[in-house]
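Asker: following is a predicted model, sequence given first.
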Amino acid sequence: MFERAAIDARCVLVHVETAPFPRDSATDSEEFLELGHSAGLDVQAQMRLRRRVPHPRFYFGRGQAEQLQQCCASHEVRLLVLNVDLSPSQERNLESLLQCRVLGRTGLILDIFAQRARSHEGKLQVELAQLSYLSTRLVRGWSHLERQKGGIGLRGPGETQLELDRRLLTRRLQTLQRRQAQMESQRTQSRNRRKEWFHVTLVGYTNAGKSTLFNRLTGSEVMARDQLFATLDPTHRRLLLEQGRETILSDTVGFIQDLPVELVRAFHSTLEEVRDCNLLLHVIDCSAPEYERQIEQVRDTLEQIGAAEVPVLEVYNKRDRLTADELSREKGHTSRRVWVSARTSEGMDVLRQRIAQHVLAESSCQYVRLPAQAYPLRAELYRLGQVEEERFTESGECEMRLWLPLSRWPQYVQFQVPKPAWSQGSASSRRLSLE
């Protein structure tokens, strides 16, 4: 694992542009710098290099490698951080030349996740991702990994320290995978219990304001900071909508460009929360210069984890940061798009209405008759659904026409009845349209 004590905070950031070269990579450079700050690095200098084809030995050419060597020496740093991932041999060769530690983009993100993990499951998932990443990089170890271990039964060819470390790492990986399988089973049971409720999940690019919006909607106080990957462990709360209806709202980890494969694999069970929900609130930072590119990145990630078919409501957040001209070009609220400010609460009522519409779209309208002894169910039906009509009979029975989530109706099938003569409406099992 990456130990915090082993990473010197003083570093040089190197932003590498590869062919085809982007027209403007300033946004990528700023995001990379934010990643460094989120990891707690003390950035002494930044460099921008272009490389059309990676060099097989150093990734960089000899001249560029010497520039990096001079920069590290002049700033007296022991850490060089790149926005690209090098092969194990390239890392080892570059470290030997520069005489400092070299960390790629994946290693940097894994270190941030290691700092953010709070729950036992989150720490286990991060360690699993780190060890999966390190399993191919033992070749970059120091000289002691090449020495042979002596002892009874190990004389002669013996067993190299590198082979021993690889075997110990494999055992640890297997142990973590077994623990993760147990936690996945527990998480699956929790998801099955939540399927009785309409489940809404927040997704979006990192630092788009998901946690702030989560707190504003649910009245919670989860950590919300202006930094990348401030939230790692998923959080679930009840969301109260109009007329007392309730749903479950979940906050998840933010996405980023080129999310490391190791993280996607390790957080598979967590990301299943996104795939199995009823509605995704795609939170978008509309004040970001390239928010459209971020939207595409989130869509690509959703497709990668199998959540491309889940209904999506786009929530354009931070509209309070837009100028008057930008606000005038705003297209306004639609059934698929809402403009809000989680910081000022602007547009939150409209957002709640759109969520309520989706709840109704996943509901069915039926008639029920509750006997007098089942009156406690009346309050429960008011909480779970939307009552359109209600009438009490002379015998004390309660008849009502209401909308209820499709997953809930099997619990009340014994109380369902045909349309009574007094009702003015008509029940339908067809889902409502949001258009």
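Answerer: Received, thanks. Numbering: from 1, shown residues only.
Asker: which residues are in contact with the helix or strand where residue 281 lies?
Answerer: If you go by DSSP states H and E, residue 281 is part of strand 279-285. Contact with strand 279-285 is made by 198-205, 207-210, 213, 274, 291, 294-295, 298, 302, 307, 310-318, 355, 358, as judged by Cβ atoms under 8 Å, 6 or more residues apart in numbering. Backbone N, C-alpha and C define where each C-beta goes, glycine included.
Asker: the helices in the stretch 1-150 of the chain, which residues?
Answerer: 26-38, 62-75, 88-98, 105-116, 120-134 (DSSP state H, counting those that start in this stretch).
Asker: quick one, the longest one and helix 88-98 angle?
Answerer: Right, the one you point to is helix 120-134. 80 degrees (axes from the mean of the first three to the mean of the last three Cα atoms, to 10 degrees).
Asker: again, but for the fourth one
Answerer: For helix 105-116 against helix 88-98, the angle by the same axes, to 10 degrees is 90 degrees.
Asker: chain center to helix 105-116: distance?
Answerer: 14 Å (Cα atoms, centre = their mean, to the nearest Å).
Asker: pLDDT of that helix, averaged?
Answerer: For helix 105-116, mean pLDDT rounds to 84.
Asker: ditto for the last one
Answerer: Averaging pLDDT along helix 120-134 yields 79.
Asker: what packs against that helix?
Answerer: Judged by 3 or more Cβ pairs under 8 Å, 6 or more residues apart in numbering; DSSP states H and E, helix 120-134 is in contact with helix 105-116, helix 161-194, helix 261-266.
Asker: what's the closest of the helices of the stretch 1-150 of the chain to residue 326?
Answerer: With Cβ to Cβ, the closest approach to residue 326 among those belongs to helix 26-38: 17.3 Å.
Asker: dihedrals phi and psi, the residue nearest the centre of the chain?
Answerer: Central residue of the chain (Cα atoms, centre = their mean): residue 253, 2.7 Å from the mean position. With angles defined as degrees, to the nearest 10, residue 253 sits at phi -70, psi 150.
Asker: that one touches residue 211, doesn't it?
Answerer: No. When contacts are counted by Cβ atoms under 8 Å, residue 253 is not listed as touching residue 211 (10.5 Å).
Asker: ok, residue 238 - contacts?
Answerer: The contact partners of residue 238, taken as Cβ under 8 Å, 6+ apart, are 218, 246, 247, 248, 249.
Asker: show me how to select, in PyMOL, the buried members of the residues you listed.
Answerer: Buried residues within those, by 16 or more other Cβ atoms under 10 Å, are selected in PyMOL with:
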select buried, resi 218+247+248+249
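Asker: make CSV from the contacts of residue 238 and add secondary structure and pLDDT to it.
Answerer: Putting the contacts of residue 238 into CSV (DSSP: H, G, I helix; E, B strand; the rest coil; pLDDT from 0 to 100) gives the following:
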residue, secondary structure, pLDDT
218, helix, 88
246, strand, 76
247, strand, 84
248, strand, 86
249, strand, 90
